[in-house]
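**Q** Sequence and predicted model, in that order:
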Amino acid sequence: MAVFMDLNVLFSAESSSMRSLIQTAAHLGFSTVAINYVFEPTAKKKQEIPTPTPINDLMTCLCLRQGRSRPIRVLNRLTVVMSDSSHFRPNAAEYRHFDLLAVQPTTEKLFHAACMLYDVDIICISVTEKLPFFFKRAPVNGAVERGVVFEVSYSAALRDSTRRRYTIANAVSLMESCKGKNVILSSAAEKPLELRGPYDITNLALLFGLSDGDAKEAVSSTCRSVVLHGETRKSAGGIISTMKTCSEASSQQGAPPAKRAKPHPTP
């Protein structure tokens, strides 16, 4: 049985609106959703990275289940919209408050850096406008080798025909470069009516150039890999190493060498 995930549900300050979104996702059959906090720095004034709402506070008095089985899992995600390299701070302590970390580069240079250098889980592809650059296979393959995935969201395509055209064009361009690998499809929904079920999303993915198998993986196994990548990224600084202490080393050096048993002569 496939485990479906939607790793991009836009954050709303209204708790009732967030609960309604998560509840709808649960009824549609998603086992995991990620609440997305979009951070777009500007040069005019200094902005603070948002602090995620505690999941326990959000889910108070509301028992949400995936269909009729397991409780739904809710994650926190941060997406940094980058128009300058200074907008992404690799060592920012605030990033560790989020389960998933994504960037949305707006130039070819930043896209190349996100694919090859930045320690992130997701690279978002803009679907609301025509991209000012083409996807080159070298950086795309570099991101795939590092375990970073590309995200295409579909809710903008439901709002008007212009955004629908941009969504399909940008998605098809991406699929031609990555061959459908390391791609996830998410909603970026602002309200429950913009959510679609997993099998509706896989049908929509065929318009983007994905095969049946890749379309199903884009809402299931690849999403699971993203979650595991995020857990690994957060714990990467906690590597444990072992070494001998001075007392152990000196005791071993001072100990006499073990005597070998002399072989008995054969008759």
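**A** Structure's in. What do you need?
**Q** List of residues touching whichever strand or helix holds residue 140?
**A** Using DSSP states H and E, residue 140 maps to helix 137-146. Here helix 137-146 makes contact (C-beta atoms under 8 Å, 6 or more residues apart in numbering) with 111-112, 114-116, 123, 149-150, 174, 177-178, 181-182. Quick note: C-beta positions are derived from backbone N, CA and C, even for glycine.
**Q** what's the single longest helix in this structure?
**A** Assignment by DSSP state H gives helix 161-178 as the longest helix of the chain.
**Q** Against which helices or strands is that helix packed?
**A** When contacts are defined as 3 or more C-beta pairs under 8 Å, 6 or more residues apart in numbering; DSSP states H and E, helix 161-178 sits against helix 137-146, strand 149-153.
**Q** on that earlier part again, may I see the buried residues of the helix holding residue 140?
**A** For helix 137-146, the neighbour count (16 or more other C-beta atoms under 10 Å) marks 139, 140, 141, 142, 143, 144 as buried.
**Q** Alpha carbons only: can I get it in CSV?
**A** Provided in CSV are the C-alpha atoms of helix 137-146 (Å, rounded to 0.1, in the frame of the first residue of the first chain):
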residue,chain,number,x,y,z
ARG,A,137,21.6,18.8,-17.0
ALA,A,138,24.9,19.3,-15.1
PRO,A,139,23.4,21.0,-12.1
VAL,A,140,20.2,18.9,-12.2
ASN,A,141,22.3,15.7,-12.2
GLY,A,142,24.4,17.2,-9.3
ALA,A,143,21.2,17.7,-7.2
VAL,A,144,20.0,14.2,-8.0
GLU,A,145,23.4,12.7,-6.9
ARG,A,146,23.2,14.7,-3.6
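**Q** how far off helix 161-178 does it point, in degrees?
**A** 80 degrees (axes from the mean of the first three to the mean of the last three C-alpha atoms, to 10 degrees).
**Q** tell me the angle helix 137-146 makes with strand 149-153.
**A** Using the same axes, to 10 degrees: helix 137-146 against strand 149-153 is 110 degrees.
**Q** Show me where the stretch 151-267 of the chain has its helices.
**A** 161-178, 198-205, 212-217, 221-234, 246-254 (DSSP state H, counting those that start in this stretch).
**Q** Next: the stretch 1-150 of the chain.
**A** 15-28, 55-58, 108-116, 137-146.
**Q** and the ones you listed, which one's lowest on average pLDDT?
**A** Of all those, mean pLDDT reaches its minimum on helix 55-58 (a mean of 56).
**Q** Tell me which of the helices of the stretch 1-150 of the chain lies nearest to residue 41.
**A** Of all the helices of the stretch 1-150 of the chain, helix 108-116 sits nearest to residue 41, with 12.6 Å by C-beta to C-beta.
**Q** what residues does the closest one touch?
**A** 82-85, 103, 105, 120, 123, 132-136, 139-140, 142-143, 146, 148.
**Q** one more time with 6 Å, if that's ok
**A** With C-beta atoms under 6 Å, 6 or more residues apart in numbering as the test, helix 108-116 has contacts from 82, 103, 105, 123, 133, 139, 142, 143.
**Q** Any idea how many residues pack against the first one?
**A** The burial metric for residue 82, expressed as a neighbour count using other C-beta atoms under 10 Å, is 23.
**Q** Enumerate every residue touching it.
**A** Taking C-beta under 6 Å, 6+ apart as the criterion, residue 82 is in contact with 88, 103, 105, 110.
**Q** Look up how far residue 145 lies from it.
**A** Using C-beta to C-beta, to the nearest Å, one obtains 21 Å as the distance from residue 82 to residue 145.
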